[in-house]
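Trainee: mind folding the following:
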Amino acid sequence: MSSLPISSPTPDPTTAAHPVALPAHEPEAGDLAALAARAAGDDLLAPPVRLGDVVPAPERVEADPGATFVLTGDTAIRVTAHPGAREVADHLADLLRPATGFPLPVADNLVVDPAGTMTLTLAGTPASQAPATIGESAALGAEGYRLDVTASEVRVVADTTAGLFYGVQTLRQLLPAAVESPTPVAVRWALPGGTILDRPRFPYRGAMLDVARHFFAVEDVLRVIDHLARYKLNHLHLHLTDDQGWRIAVDSWPRLATVGGASEVGDGPGGHYTKDDYRRMVSHASARHVTLVPEVDLPGHTNAALVAYPELAADKVAPPPYTGTEVGFSYVDPGDERTYDFVADVLGEVAALTPGPWLHIGGDEAFKVKGEVYTGFVERAQQIVADTGKTVVGWHQLAPAAHFDGRVLQWWGTDADDPTTADAVRRGARLIVSPGNHAYLDMKYAQDTPIGHDWAGLIDVRRAYDWDPGTHVTDVPTAAVLGVEAPLWTESVTSLADIEFLLLPRLPAIAELGWSPRTAHDWAGFRERLAGHGPRWSTAGITFHRSAEIPWPAALTVPRQHRAPQNDTTTH
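Mentor: Below is the predicted model of the structure:
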């Protein structure tokens with residue numbers, strides 16, 4: 001991705017013991033750039049990055065201390081002559097040029113002398129057969145890569161462009177933290193020597209952003225996508241509809257966006273995405289090998305839709321817009337055929353906009369639609385999804401409904417003993433695991449965290465890290481687990497700074513659970529590796545919680561005080 005824009009960093013209450021003089025106004029972008037450059041310069045005093053200092057932890061690492069590669073003004077990037085590979089090479093150049101000030105020309109010509117180059121190679125070409133100290137015969141798979149660093153060359157080899165992209169994210173972390181600066185910094189741009197062989201544990205690794213409770217601009221969503229890509233997460237689940245707002249334009253039901261989208265928690269203005277906005281998010285995500293998973297929550301969480309189209313309500317009366325945080329009171333009429341026309345139209349249009357394979361239909365907390373009526377609705381909705389050519393995903397409340405080929409349940413419970421979900425798995429369902437008491441990033445870090453909830457407990461970084469998605473749900477085998485996802489609900493979240501404050505530093509913990517082999521799981525090692533990312537976020541102007549659990553470098557900038565919390569009564 002290109003150099004991230006600068007935003008005002010936000011601290012957490014754990015920094016109160018280190019008082020700083022705070023400006024009376026928000027700093028301008030130029031001031032922030034200067035601060036970032038200065039912070040990056042401080043990295044000259046930090047110890048060099050080691051080959052194993054990567055998050056998520058690689059599968060295998062073999063260091064060669066005598067093979068350091070130094071990036072210079074003469075370094076070039078060469079790449080397999082392939083459009084996708086060239087896109088990754090251009091991405092690498094875009095990442096490195098702002099901070100280094102180097103031209104870093106990109107050439108899709110693998111015949112030139114490799115000395116002094118950074119080479120990205122799709123396996124199967126002659127240049128991909130270079131010797132490596134480990135993993136020479138290993139199959140890299142759909143997302144794996146091999147990174148070799150010698151004194152004369154850096155080489156990333158992968159079977160796919162996704163693998164090349166993830167190799168580039170690792171390469172980025174192996175350079176000094178100053179690489180995140182938006183302006184040139186005088187640093188020795190050294191990469192530690194050796195070889196990394198790396199592949200993901202789970203194919204689905206994601207996060208969810210709720211844009212329904214509070215609406216967020218396209219640019220904010222793009223930045224969240226960038227954060228996911230940095231840590232090799234490959235899915236962004238967008239919770240697009242809820243009681244408080246409808247966020248996606250639907251041509252066949254236009255008032256969903258214009259009327260249903262004109263509200264949010266706390267009586268704000270709301271908003272919605274046009275189809276061009278959505279296409280822009282899809283394109284940005286695709287370039288970073290992130291798949292968008294759109295969610296239209298049904299049959300509950302539908303008050304905004306009923307405001308726009310009261311014909312969908314059981315009593316055919318429009319309710320008032322809802323801007324609170326309670327759940328479970330709204331539903332579309334499961335006994336009216338017009339409801340299924342609505343579901344088919346909406347899911348059809350969203351599917352047409354979405355190149356990824358998934359359509360998420362929610363299904364949680366529909367407290368007013370029970371028993372056979374609920375399962376009958378779900379079964380029809382599953383068929384409608386299949387008719388669009390997509391695979392259905394839903395919250396684990398869908399489990400009692402009849403199995404539909406390929407369906408995926410997203411488990412968000414707090415009690416891992418869930419016989420109903422285990423039975424759905426035995427009938428063929430796969431799971432995305434998102435336990436509320438480990439993976440819900442809208443939970444507070446500690447009782448005094450200024451925003452967030454605590455209904456599922458407090459989730460500090462260690463609690464986000466110390467669990468196993470593959471064995472978490474009782475009687476669900478690892479083979480049935482598609483992956484892991486970290487949801488962020490936004491009842492108390494009103495800005496990009498709030499989003500980042502709750503995502504970081506817990507998002508990398510979830511990313512490591514999804515990517516790294518279970519044998520690499522080690523809290524002591526993870527917290528040490530994660531500490532090196534504080535200067536990177538600070539340099540890039542990314543807001544984060546300075547958790548007391550992590551041994552951040554002493555020189556890490558202390559950011560300004562975060563705002564006061566909001567009250568809410570949310571569960572999900």
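Trainee: which residue sits closest to residue 470, ignoring its sequence neighbours?
Mentor: Nearest non-adjacent residue to residue 470, counting by C-beta to C-beta, 6 or more residues apart in numbering: residue 478, 3.7 Å away. Any C-beta I mention is one placed from the backbone N, CA and C, and that applies to glycine too.
Trainee: next one: the one you found, what pLDDT does it get?
Mentor: pLDDT for residue 478: 98.
Trainee: you'd agree it is up against residue 471?
Mentor: Yes - between residue 478 and residue 471 there is a contact under C-beta atoms under 8 Å: 6.4 Å.
Trainee: for residue 78, grab phi and psi.
Mentor: Taking degrees, to the nearest 10, you get phi -120, psi 150 for the backbone angles of residue 78.
Trainee: do the same with residue 147
Mentor: Note on residue 147: backbone dihedrals following degrees, to the nearest 10 are phi -120, psi 120.
Trainee: mind listing what it touches?
Mentor: Taking C-beta atoms under 8 Å, 6 or more residues apart in numbering, we find residue 147 in contact with 154-156, 167, 170-171, 195-196, 198.
Trainee: find the residue closest to it in space, skipping its chain neighbours.
Mentor: For residue 147, ignoring the flanking residues on the chain, the nearest one in space by C-beta to C-beta, 6+ apart is residue 196 at 4.4 Å.
Trainee: my read: the one you found touches residue 51, true?
Mentor: Yes - counting by C-beta under 8 Å, residue 196 touches residue 51, with 6.8 Å between them.
Trainee: what residue ranges in this protein score low on pLDDT?
Mentor: For the chain, residues meeting the criterion pLDDT under 70 lie at 1-47, 110-114, 124-138, 557-572.
Trainee: before we move on, the earlier item: out of residue 196 and residue 51, which sits in the busier spot?
Mentor: In this view residue 196 and residue 51 are compared by other C-beta atoms under 10 Å, and residue 196 has more residues nearby, 26 against 22.
Trainee: for the more buried one, give its distance to residue 171.
Mentor: With distances taken as C-beta to C-beta, to the nearest Å, residue 196 is found 9 Å from residue 171.
Trainee: let me know the helix or strand that the most centrally placed residue in the chain is in.
Mentor: Nearest to the mean C-alpha position of the chain, by C-alpha atoms, centre = their mean, lies residue 228 at 3.5 Å. Per DSSP states H and E, residue 228 falls inside helix 218-230.
Trainee: roughly how far is that helix from the heart of the chain?
Mentor: Mean C-alpha position of helix 218-230 versus that of the full chain (C-alpha atoms, centre = their mean, to the nearest Å) differs by 8 Å.
Trainee: cool, and stretch 211-224?
Mentor: Relative to its parent chain, stretch 211-224 has a centroid offset of 13 Å by C-alpha atoms, centre = their mean.
Trainee: again with stretch 455-471
Mentor: Here stretch 455-471 is found 17 Å from its chain centre; the criterion is C-alpha atoms, centre = their mean.
Trainee: related to what we said a few turns ago, strands - which of the contacts of residue 147 land there?
Mentor: Using DSSP state E, 154-156, 195-196, 198 are the members of the contacts of residue 147 that sit in strands.
Trainee: so residue 510 makes contact with residue 207?
Mentor: Yes - between residue 510 and residue 207 there is a contact at 7.3 Å, judged by C-beta under 8 Å.
Trainee: list residues touching both of these two?
Mentor: 233, 441, 485-486.
Trainee: what's the burial count for residue 218?
Mentor: Using other C-beta under 10 Å, residue 218 has 15 other residues around it.
Trainee: with adjacent residues omitted, what lies nearest to it?
Mentor: Once flanking residues are discounted, residue 218 sits nearest to residue 277: 5.1 Å by C-beta to C-beta, 6+ apart.
Trainee: skip ahead from whichever strand or helix holds the one you found and say which helix or strand is next.
Mentor: Using DSSP H and E, residue 277 sits within helix 275-287. Downstream of helix 275-287, the next assigned helix or strand under DSSP H and E is strand 291-295.
Trainee: picking up where we left off before, among the shared contacts of residue 510 and residue 207, which ones are in strands?
Mentor: With strands defined by DSSP E, the entries of the shared contacts of residue 510 and residue 207 inside them are 485-486.
Trainee: now the shared contacts of residue 510 and residue 207 in CSV, with distance to residue 214 and neighbour count?
Mentor: Formatted as CSV, these follow (distance: C-beta to C-beta, whole Å; neighbours: other C-beta atoms under 10 Å):
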residue, distance to residue 214, neighbour count
233, 22, 29
441, 15, 26
485, 20, 26
486, 18, 28
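Trainee: ok, so of the shared contacts of residue 510 and residue 207, who is nearest residue 248?
Mentor: Residue 248 lies nearest to residue 485 out of those, by C-beta to C-beta, at 19.8 Å.
Trainee: residue 364 touches residue 302, doesn't it?
Mentor: No - contact between residue 364 and residue 302 fails when scored by C-beta under 8 Å: they sit 12.0 Å apart.
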